[in-house]
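1. structure, please.
(one chain, ligands or ions: 1)
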Amino acid sequence: MKENKSMRDNFTKKTLDILAKRVGGLCSNPNCKSSTTGPRSETTKIVNIGEGAHITGATSKGKRFDKSLSREQRKSPDNGIWLCGSCAKLIDNDPTRYTDGILKQWKQHAEDAALRKVEGSTVSHANMIDNKISYKKRRQESNSPEIVGKTTSISLPLSAWTRFHEIDIKYDALFKKLSLLMRNGEYEQAIDCYWKILYFTGTRERWDDRTILSNKLLALSRKEKDYKTTGLILAKGQAWPLIYTGDYDLAEVILEDALKCFKKDNEYSKAGIYYEYMADIFDQKGRLDLALVCYKEARKRYNKDIDEELVELKRKFVITKYEDKKSGSRIVALEFLIEKFSKIKNYKEALAEIELSKSLYMLKDNDEALNRAQHAYHLLNDKIIMPRNAIKAKEVLCTIMEGKQIVEA
Ligand SMILES: [Zn+2]
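-> Numbers count the residues shown, from 1 in each chain. Predicted structure coming up:
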């Protein structure tokens, strides 16, 4: 980049500025995404470690040179990609691997991601703050005792968040389709597409997208006075990711809102989701009594729906959890539940594994206990990615390895 011959079609300062800003100043390599600008010690200066790299070469001796382009085209923002210094070197050292096709793909993804951030951030932020305020108020009014589980600072495995590449491609296509449908005001089809997208948002990184999308669709469904859909978006799009990440209090507030919507539309059976998720929360908080009441109500609401079977399994799991840990029937029941949950890929599989591990350890079957705890931790930490529950699994794992006694929270 240092040579400055007239034959070299360098980017202008303005073009570089455009390239950087279109991707929010982040490196466009999807495996890097480093920030390339920041404040310098002098308050009026910024530090820049980013580079505008040429997608097809700037000179005939450059990498990926395309002689069919005019000089103007070669210098235009269309032919540039914003990268951090080390990624710029990387792509020039290995042009057979980093083809112009790949670079164009990186650029498109990075720009899409930046756009989503800009479009979504204001709505999502305002909404969350609103929810937090109304939650605080409700707490003050209700005077109910605080029953929040302990929080621990945790680090999430970044590699796990970014590895589902194939899913990502399908996901991005759906995302674009949804934007188009929303722009054209095709409400029904947009909602349809939204549910498909939620199916792909299993990984932690996508939960941010899920929240942003849900906020947008929420605004639409509210405008349409489609209470049933509004309730479903609140429950599945907003509350559910919060339950996963362990923000139970905020999830509860949003679920209350969802229930109001179902009531408005006389959606008796859909309110089953409210009871099911509330039960999940109570279960996580160790409130056996309330969890059982809610699962029972959810079953009644679902009435022969496919969800009824899952809720019944969850209910059985709560009962089993509180059985005597040394009882043989507890072990049999847990093995049965693990198999069932595993078949439908439900996260309770991992939670049941933790419980089974505890029983086995108390019965001195240390090897199998260790196996089970390890499997649970692997599932929760790398696959399902539920940070709070992953910590629980790790605690059991450490307890067994150190030969300590199991302490119940
Ligand atoms: Zn980079």
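
2. for the rest of this, base every contact and every neighbour count on C-alpha atoms.
-> Will do.

3. starting from the worst-scoring helix or strand of the chain on mean pLDDT, tell me the next helix or strand along the chain.
-> When each helix and strand of the chain is scored by mean pLDDT, DSSP states H and E, helix 158-161 comes last, with a mean of 34. Going down the chain from helix 158-161, the next helix or strand is helix 165-183, by DSSP states H and E.

4. which parts of that next one are buried?
-> 171, 174, 175, 177, 178, 181, 182 (16 or more other C-alpha atoms under 10 Å).

5. counting contacts, what elements does that helix pack onto?
-> When contacts are defined as 3 or more C-alpha pairs under 8 Å, 6 or more residues apart in numbering; DSSP states H and E, helix 165-183 packs onto helix 187-200.

6. and the contacts of the helix it packs on?
-> 167, 171, 174-175, 177-178, 181-182, 210, 213, 217, 220, 237 (C-alpha atoms under 8 Å, 6 or more residues apart in numbering).

7. and those, which is closest to residue 253?
-> residue 237 (13.7 Å; C-alpha to C-alpha).

8. for the closest residue in space to that closest one that isn't next to it in sequence, which residues are in contact?
-> The shortest distance from residue 237 to any non-neighbouring residue, by C-alpha to C-alpha, 6 or more residues apart in numbering, is to residue 214 (5.5 Å). Residue 214 makes contact with 233, 234, 237, 238, according to C-alpha under 8 Å, 6+ apart.

9. confirm the last one sits in a helix?
-> What that stands for is residue 238. Yes: assigned with DSSP: H, G, I helix; E, B strand; the rest coil, residue 238 falls within a helix.

10. run through the residues of this protein sitting next to the ion.
-> In this structure, the chain approaches the ion at residues 27, 32, 84, 87, judged by C-alpha under 5 Å from the ion.

11. wait, doesn't residue 330 sit right on residue 322?
-> No: Residue 330 is beyond contact range of residue 322, at 9.0 Å (criterion: C-alpha atoms under 8 Å).

12. per-domain residue ranges of the protein.
-> The record's domain parsing of the chain by automatic domain parsing lists 13-113, 324-409.

13. what about residue 13, neighbour count?
-> 10 (other C-alpha atoms under 10 Å).

14. equivalent analysis for residue 377, please.
-> Residue 377: 29 neighbours (other C-alpha under 10 Å).

15. for whichever strand or helix holds it, buried residues please.
-> For residue 377, the host element (DSSP H and E) is helix 366-378. For helix 366-378, the neighbour count (16+ other C-alpha under 10 Å) marks 366, 369, 370, 372, 373, 374, 375, 376, 377, 378 as buried.

16. specify which member of these is nearest to the ion.
-> The shortest gap between the ion and any of the buried residues of helix 366-378 belongs to residue 378, at 29.2 Å (C-alpha to the ion).

17. from residue 365, how far off is the closest one?
-> 20 Å (C-alpha to C-alpha, to the nearest Å).

18. now swap in residue 190 and tell me
-> Taking C-alpha to C-alpha, one finds residue 190 at 53 Å from residue 365.

19. and for residue 353?
-> On the measure of C-alpha to C-alpha, residue 353 and residue 365 end up 14 Å apart.

20. now stretch 212-222: average pLDDT?
-> Stretch 212-222 shows an average pLDDT of 87 in the prediction.

21. ok, now stretch 13-33?
-> 87.

22. got the contact list for that stretch?
-> 34-37, 50-52, 76-77, 80-84, 87, 106-107, 109-111, 113-114, 162.

23. gap between the two ends of that stretch?
-> Start-to-end, stretch 13-33 (C-alpha to C-alpha) is 22 Å.

24. how about the nearest residue to residue 103, chain neighbours excluded?
-> Per C-alpha to C-alpha, 6+ apart, closest to residue 103 is residue 55, 6.4 Å.
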